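Trainee: no FASTA, just this:
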Ligand SMILES: NC(=O)c1ccc[n+]([C@@H]2O[C@H](COP(=O)([O-])OP(=O)(O)OC[C@H]3O[C@@H](n4cnc5c(N)ncnc54)[C@H](OP(=O)(O)O)[C@@H]3O)[C@@H](O)[C@H]2O)c1
């Protein structure tokens, strides 16, 4: 599979890139600064690195051609209240014109209607400290849904740099009744779940929670 990754230098995107390379996929990493890619990536003959600004729609379009899945895993600072809303429309237009097969957007659990499935404590945090940040994520999710492009949206819980757990859970939101507490998941588990979403075309049009194997109440 040809995967194009925006945000390949980030905590999530770099791990996804590494795992996808190990799995034998071809990865095109679309980066602002190739120097910020992790030095040690496996199977680098499967890796193409393209230096491109996401704001440069023409260059982005060219670099997205041939992608089966475009993973959008970029994020701005917490204080940038319209980071995604400013950038996603251009990215989606480039995906459309390039004929990308599907857009996999990495959002965050707590954005938009997903907050209703969170615990009271988590909802308090989402509606205060993270309010503006999550509003931007939720607006971006809607932009993708309304774009008419084939999509999957991932909603990882809080992530941490820790040793990977044996498994993780990737569950379509309609099957999630509630997420107790404020779970955290190792970044490598989130990357594994995202790779699974990218590899599974049956998840087209689905919104998927990514969390730990235990605790989630199912609908
Ligand atoms: N980490 C978590 O706990 C967590 C939990 C749930 C969901 N998520 C979601 O996962 C996604 C990725 O998060 P992350 O933790 O990997 O973030 P991160 O480590 O901060 O990485 C951010 C990525 O976005 C890129 N980026 C920032 N500004 C950009 C711009 N103007 N143009 C192009 N690229 C730009 C960065 O590229 P440069 O290297 O060039 O700066 C980097 O690759 C986000 O949607 C986030 O909300 C994260």
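Mentor: Yep, that arrived. Keep in mind that what you see is a predicted model, and the values were worked out from it rather than measured.

Trainee: and this structure, which residues reach the ligand?
Mentor: Residues of the chain found near the ligand (Cβ under 6 Å from any ligand atom) are 7, 9-13, 32-33, 36, 54, 73-76, 106, 108, 156, 158-159. C-beta coordinates here come from the backbone N, C-alpha and C atoms, glycine included.

Trainee: Let me see the confidence value for the most centrally placed residue in the chain.
Mentor: Residue closest to the average C-alpha location in the chain (Cα atoms, centre = their mean): residue 106, at 1.8 Å. For residue 106, the pLDDT comes out at 99.

Trainee: From residue 153, how far off is the nearest residue to it once chain neighbours are set aside?
Mentor: Closest residue to residue 106 apart from its sequence neighbours, by Cβ to Cβ, 6 or more residues apart in numbering: residue 73 at 4.2 Å. Note on residue 73: its distance to residue 153, by Cβ to Cβ, to the nearest Å, is 12 Å.

Trainee: one step back: show me the contacts for the residue nearest to the centre of the chain.
Mentor: 7, 12, 13, 71, 72, 73, 154, 156, 194 (Cβ atoms under 8 Å, 6 or more residues apart in numbering).

Trainee: Which of the residues you listed fall in helices?
Mentor: Members of the contacts of residue 106 lying in helices (criterion: DSSP state H): 12, 13, 194.

Trainee: mind giving me JSON lines with those and columns for neighbour count?
Mentor: Listed next are the ones in helices among the contacts of residue 106 as JSON lines, based on neighbours: other Cβ atoms under 10 Å:
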{"residue": "12", "neighbour count": "22"}
{"residue": "13", "neighbour count": "25"}
{"residue": "194", "neighbour count": "28"}
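
Trainee: from these, which single one is nearest residue 139?
Mentor: residue 12 (19.9 Å; Cβ to Cβ).

Trainee: and that closest one, what does it touch?
Mentor: 73, 106, 156, 159, 187, 190, 191, 194.

Trainee: Who does the second one form a beta bridge with?
Mentor: Think residue 106. residue 154 (DSSP bridges).

Trainee: so residue 84 sits right up against residue 75, yeah?
Mentor: Yes: counting by Cβ atoms under 8 Å, residue 84 touches residue 75, with 7.5 Å between them.

Trainee: Got phi/psi on residue 19?
Mentor: The phi/psi pair for residue 19 (degrees, to the nearest 10) reads phi -70, psi -40.

Trainee: correct me, but residue 49 touches residue 37?
Mentor: Yes: if you go by Cβ under 8 Å, residue 49 and residue 37 touch, sitting 6.6 Å apart.

Trainee: quick one on the thing from earlier: which of the contacts of residue 12 fall in strands?
Mentor: 106, 156, 159 (DSSP state E).

Trainee: Distance to residue 211 for those - can I get that in JSON lines?
Mentor: Output for these, formatted as JSON lines (distance: Cβ to Cβ, whole Å):
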{"residue": "106", "distance to residue 211": "14"}
{"residue": "156", "distance to residue 211": "7"}
{"residue": "159", "distance to residue 211": "10"}
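
Trainee: still on that earlier bit, show me which of residue 84 and residue 75 is the more surrounded one.
Mentor: residue 84 (27 against 21; other Cβ atoms under 10 Å).

Trainee: List the contacts of that one.
Mentor: Applying Cβ under 8 Å, 6+ apart, we find residue 84 in contact with 74, 75, 76, 136, 137, 139, 140.

Trainee: If anything else comes up later, I'll come back, but that's it for now.
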